[in-house]
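Q: what shape does this take:
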Amino acid sequence: MFYNRKQSNTLENVSAFASKNKIRILIVVVLVIYLLSFVSFKSNIENNNNNNNNINNNNNNNKNKIHKPIINCGSKNDEEETCEIEKYDSAIVVLGYSLHSDGMPTQILKERVVLACEYYTKLNDVEGGRTKLILSGKGKEESTDPDRAFNSEAEAMNEIALQNDVSPFDILIENNSSNTAENARFTLNYLQKIGVQRLFIVTSDFHVLRSQYIFQTVFPPEFDLIFVGAQTPLKIQQSKRGSEKILFKNAKKDLESIGALEIPGEKIEGYHPYRNLPRWRMIERELNLDNREVSGSKMADYGSNQGFFSIQLAQKFPEATVFSFEGEAMNEYKSAASIHENKINELGLKNNYLCKTRILPSMFEQLAQQHQHLYEYQFCLSIFHWFDMKTQQQFEDTLSNHLISSRTTFIELPEAMNYKGKEGQHAWGRVNIWYANRTEDEIFYDIREKYNIPKMTWKTLGAILHENNTVRKLIRVDVNFENDVRKPLPKSTLVEEIYNCGQLMH
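A: Numbers count the residues shown, from 1 in each chain. I've put the predicted structure just below:
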């Protein structure tokens, strides 16, 4: 009873005090709320500062980790090497493209990175691998403008990659290179350090041929290179054709500047030798990937190029027989066969046979239709347009017979274009008739359908800019049959009945 009465009196007193001092109490409450808000705000600022410092420290650490390997692994100062070895089974390199004037990435560059991120996800999540993403490109002009969004193409690509769920630990920013040849050299140096030999090269469709030419030349044949082109509108592709030819010329100079068109301590043989190493690198990479059993098989090299490719084949496959056919149709090549023979004798090769003859379409008909002959590999590099074909029908018959007579053919055809006669292309008028406004892919598709070769496949390995300013693709064509009855003819039949070699020069 006493407790209740006391509580009642206290409440009455408090109520009376509150009634008399409403304004004072309101002021006090406002001040308390303000003080609590200030304390909370200050605490949040301190926490944010701490978080920002942590983020900045993490970013700086990531930057050091990202930039450090390329500076040391890809630089010329190998003695300063402190590169961390990481475990990856594949790598993707994205080639840079010019930024806008404000430093923002162009749509072309964005599409390259997004496509690379799709491959990154597929290789990691679907195939269960671990993939390094290399973002390569400084750009033509360095900038330290604080108002620019990004100061290098690689930094702009990094932002896009992070937005597409690529782990920052899998990203390598390479912002030292200013052209595709330097992209290739820096990428090779880095991959050699971390022991990765499978590389996807991501660029735009209009840049694939030049990228193939450069990367195929720079990278040794033990590397597996897969080229991927982000699709651009047809209008952009057409607008880039002229500039790409000019850049092909620059690419040759860029490759020379980094020593990629020479083999240390070795002279590259053949006429136009600067074209031979890139072609052979493209071909040898394919031969390594095939890893075929070629014992007792026969191979052919049409044109032979002073024996450069024949000798490479004969040395690589000593258990196979290589036939070299040298027609010497032009004064420029009059000494080709004798140079080739001297090289055979110098090296003591016993499996390379040199036949000086004129190749005719009827020879391919005999090989394919009459004898069902089979070469394991054959080369026909920038020589097919020298064969005597007058009509589109003769061209298609000869090409189909040529392809059927080998399991795998490496061939260069004249560039698909409408020739006017000023390009310096041999038989340019006939080429227009043969092609009938078709691309190389369309020609091969028509051959496959017309001659019923369902298991005929082809792919472009790269392209070479020739002296007449045309870009000729090096294309691999494979022909197989369900019930394959083709088999190699005896040497005597080839030499005496098919090619009319007379006495072999070796």
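Q: residue 106 is in contact with residue 113, isn't it?
A: No: counting by C-beta atoms under 8 Å, residue 106 sits too far from residue 113 to count as a contact (11.0 Å). (C-beta placed from N, C-alpha, C; glycine too.)
Q: out of the two, which sits in the busier spot?
A: residue 113 (27 against 14; other C-beta atoms under 10 Å).
Q: that one against residue 161, yeah?
A: Yes: shown here, residue 113 and residue 161 form a contact pair, counting by C-beta under 8 Å, at 5.8 Å.
Q: run through the residues that contact the most centrally placed residue in the chain.
A: Central residue of the chain (C-alpha atoms, centre = their mean): residue 227, 3.7 Å from the mean position. Counting by C-beta atoms under 8 Å, 6 or more residues apart in numbering, residue 227 touches 200, 201, 203, 208, 211, 212, 215.
Q: so which of those belong to helices?
A: Mapping the contacts of residue 227 onto helices (DSSP state H) picks out 208, 211, 212, 215.
Q: any chance of JSON lines for these, columns pLDDT and neighbour count?
A: Output for those, formatted as JSON lines (pLDDT from 0 to 100; neighbours: other C-beta atoms under 10 Å):
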{"residue": "208", "pLDDT": "97", "neighbour count": "20"}
{"residue": "211", "pLDDT": "97", "neighbour count": "24"}
{"residue": "212", "pLDDT": "97", "neighbour count": "23"}
{"residue": "215", "pLDDT": "97", "neighbour count": "26"}
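Q: report the two of these separated the most.
A: 208 and 215 (10.3 Å; C-beta to C-beta).
Q: now, among the ones in helices among the contacts of residue 227, which is nearest to residue 89?
A: Among the ones in helices among the contacts of residue 227, and counting by C-beta to C-beta, the member closest to residue 89 is residue 215, at 19.1 Å.
Q: residues contacting the closest one?
A: Applying C-beta under 8 Å, 6+ apart, the residues near residue 215 are 180, 184, 199, 201, 225, 227.
Q: which stretches of the stretch 401-506 of the chain form strands?
A: Assigned by DSSP state E, counting those that start in this stretch, the strands in the stretch 401-506 of the chain fall at 406-412, 456-465, 471-479.
Q: same question, the chain
A: 90-95, 131-136, 171-174, 198-204, 224-230, 298-302, 321-326, 352-356, 375-381, 406-412, 456-465, 471-479 (DSSP state E).
Q: just checking, what packs against the fourth one?
A: Read that as strand 198-204. strand 90-95, helix 107-121, helix 208-218, strand 224-230 (3 or more C-beta pairs under 8 Å, 6 or more residues apart in numbering; DSSP states H and E).
Q: pull up the pairing partners for that strand, direction included.
A: Strand pairing for strand 198-204, using DSSP bridges, gives strand 90-95 (parallel), strand 224-230 (parallel).
Q: export the ones you listed to CSV and tack on mean pLDDT?
A: Below are these laid out as CSV (pLDDT from 0 to 100):
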stretch, mean pLDDT
strand 90-95, 98
strand 224-230, 97
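Q: what's the most buried one of these?
A: Ranked by average neighbour count under the criterion mean count of other C-beta atoms under 10 Å, these are headed by strand 90-95 at a mean of 26.
Q: quick one: that one to chain centroid distance?
A: The chain centroid and the centroid of strand 90-95 are separated by 9 Å under C-alpha atoms, centre = their mean, to the nearest Å.
Q: among the strands of the stretch 401-506 of the chain, which is nearest residue 267?
A: strand 456-465 (19.6 Å).
Q: about what we covered before: could you dump the strands of the stretch 401-506 of the chain to CSV with distance to residue 239 and mean neighbour count?
A: Shown next, in CSV, are the strands of the stretch 401-506 of the chain (distance: least, C-beta to C-beta, whole Å; neighbours: other C-beta atoms under 10 Å):
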stretch, distance to residue 239, mean neighbour count
strand 406-412, 26, 23
strand 456-465, 19, 20
strand 471-479, 16, 21
